[in-house]
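> sharing a model that was predicted from the sequence below.
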Amino acid sequence: MWMLALSLLCVGAGALQLAEEPQDRLVTAGERLDLQCRVRGQAGPCTWQRDGRALQVGDMARAQLVHGCSLTLHPVLPRDQGQYSCSSGDLTSREAQVTVVAEPGVPHIRQGREGEHLEVTQGSQVHLQCESQGGVPPAELEWRVGGSPVTDLQRISEQVTRLGDTGTWKTVSTFTFLATEDSTVTCQAASQQFPAAKLTLPLQVKVRFRPNVEILVNQEVVREGDSFEVLCKSLAYPEEVGYRWFFKGLELEGLVNNSILIEEISRMYDQADISCLVDNEEGRGSASTSLDILYSPTILLHPRSQIAKRKDNVTFHCVAEGNPTPAYLWTRGRTDSLVQAGRQNLSLVATERTEAVYKCQVFSEGHELVSSLPASLTLIRKPVIDAESRKFGSLGQDAILQCRTRSVSNRTRIVWLRDLEPLDLSLARYSVVPTYLYREQRSDLLIRNLRPEDFGQYGCFAENEVGTAMQEVRLVEDSTDILTLVVGLTCVLGLLLLLAIFLYYRARRICGGSDPEKD
């Protein structure tokens, strides 16, 4: 506050009277302020008061009296604001309110003093402070991000303080936000008397973040035997990064670039994981992908032939691999007539109609059809016996009775009978020799040193889980004696001798041309 001592020499006659009083004024700092005061019949000094305290004009280089009592201040300062009145003798004017307004100072963001950008860590809380000084009334600060005003007032706090006895104010606004991405932040200052906003320099908030990683394969379709490139694409700040590669969980030593070349890929690496690890100062990021390798179908498990009883449930199994996943077809017979499509297993009820040879066939898009090995369904039927109905033997000699059965069942059993009773094989002279061939079983009954009681009716009895069969074999004594055999042999030898003599003379006639009788 300034004190102004004003001595006025009033010239005139008559009583003192205020001819003009000071009026309320609104003035901008730096302009000229004129407060009018005129006293008629002035006889003594004229003084000025501000807020009830005398002003000393002599101490104010900016103040002077005009026309005796009028007060002029230039330039007016914010601290000159107050209630002014003039006095002469016992006469005092009304109090005039002088309001001084000052344009807000150019705002600035404190955190931007060291440069045009500020680096922060992703996910951290960022506190920015904007300051504007010299405003009367205090400046109103507004934050903007990317040119748009911040409307969430919960993120903004403001503090206003008076700058000593200057009469001006300082406004500080704090803006708090979560660092998620790069942004441009500005702050503007304005007031009701000075609506034209003043802006700070833009502050580029750069978010430091660990790498965001993506893996790309340079071709849409990868087939078995192809060579292709895998690219590791990263976005990070700081941008200086390092690369590491992993294949099926194992690090590929020496590969530090952002791409790798894979040559002549095999189906064994289908769905194998390939990963890329990227580091920078803020941390690391990674990405992985599974290789989708297309390859032709291959049958891993072929259907197996099966033997079943009538009305049994039978299932043929077939397993194939391929990419894309192969589709299944089941065919029958030599003509490969379609039986079933779309299912991996073939289920049937064993009957005469379903007894056949089947094949599993698989295919996938872009590849040829692949067939399995054939598999047959065979019904188990009762045994079929093949045996001699009569067998000759001689006393004292050994005899062998043979019996063969045809049956697909591996549970076929052969029993030898004598007069419809099971043969007692505990006797040393009897023995049975079994022989097993594919779908055929053979049983030989050996009888040593034939006796009269050994001749007679025998039987070959066969059974399995679905039926039985029997074939009778009669062992007959051979009635031919030794004398008959000798006579027979003598006759045969005589005939052979006569034939030889005839052939000899015949050959001589043809070769020599002579008559044997004359010779």
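Looks like it arrived, so ask away. Numbers count the residues shown, from 1 in each chain.
> what is the neighbour count of the residue nearest to His317 when sequence neighbours are not counted?
With CB to CB, 6 or more residues apart in numbering as the criterion, His317 has its nearest non-adjacent residue at 5.5 Å, and that residue is Asn345. Where C-beta positions appear, they are placed from N, C-alpha and C, glycine not excepted. Using other CB atoms under 10 Å, Asn345 is surrounded by 14 other residues.
> pull up the per-residue confidence for Asn345.
With respect to pLDDT, Asn345 has a value of 96.
> any idea how far it lies from Arg390?
52 Å (CB to CB, to the nearest Å).
> toward the C-terminus, what is the element adjacent to the one helix or strand Thr47 maps to?
Assigned by DSSP states H and E, Thr47 falls within strand 46-50. Downstream of strand 46-50, the next assigned helix or strand under DSSP H and E is strand 53-54.
> following the chain past that following strand, name the next helix or strand.
Using DSSP H and E, the helix or strand that follows strand 53-54 in sequence is strand 63-66.
> neighbouring strands for that next one, and are they parallel or not?
Within its sheet, strand 63-66 is paired with strand 70-73 (antiparallel), according to DSSP bridges.
> what's the helix or strand following the partner strand packed up against?
On the C-terminal side of strand 70-73, the nearest following helix or strand under DSSP H and E is strand 82-88. For strand 82-88, the packing partners by 3 or more CB pairs under 8 Å, 6 or more residues apart in numbering; DSSP states H and E come out as strand 46-50, strand 96-101.
> for the stretch 51-200 of the chain, give me the ranges with low pLDDT.
Applying pLDDT under 70 to the stretch 51-200 of the chain flags the ranges 58-59, 114-115.
> swap in the chain?
1-16, 42-44, 58-59, 114-115, 480-488, 512-519.
> 80 instead?
1-16, 41-45, 57-60, 67-68, 89, 113-116, 479-489, 491, 505-506, 508-519 (pLDDT under 80).
> who are the packing partners of whichever strand or helix holds Thr289?
For Thr289, the element it lies in under DSSP H and E is strand 283-290. In terms of contacts (3+ CB pairs under 8 Å, 6+ apart), strand 283-290 is packed against strand 203-217, strand 228-237, strand 273-280.
> could I get the buried residue list for it?
Neighbour-count burial for strand 283-290 flags 285-287 (criterion: 16 or more other CB atoms under 10 Å).
> after that strand comes which helix or strand?
Next along from strand 283-290, by DSSP H and E: strand 293-301.
> buried residues, that next one. List them.
By neighbour count on 16+ other CB under 10 Å, the buried set for strand 293-301 is 293-297, 299.
> swap in stretch 109-122?
For stretch 109-122, burial by neighbour count (16+ other CB under 10 Å) applies to 109, 111-112, 118, 120.
> can you check stretch 224-239 too?
Neighbour-count burial for stretch 224-239 [16+ other CB under 10 Å]: 224, 228, 230, 232, 234, 236-237.
> one step back: now, the buried residues of stretch 109-122 that are in helices?
With DSSP state H as the criterion, helices contain none of the buried residues of stretch 109-122.
> looking at those residues, which are in strands?
Among the buried residues of stretch 109-122, the residues falling in strands (DSSP state E) are 109, 118, 120.
> okay if I get the residues you listed as a markdown table plus distance to Asp336?
Below are those laid out as a markdown table (distance: CB to CB, whole Å):
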| residue | distance to Asp336 |
| --- | --- |
| Ile109 | 82 |
| Leu118 | 76 |
| Val120 | 72 |
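> returning to that earlier point: can you redo the helices and strands packed on strand 283-290 as a markdown table with distance to Tyr430?
Below are those laid out as a markdown table (distance: least, CB to CB, whole Å):
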| stretch | distance to Tyr430 |
| --- | --- |
| strand 203-217 | 79 |
| strand 228-237 | 78 |
| strand 273-280 | 72 |
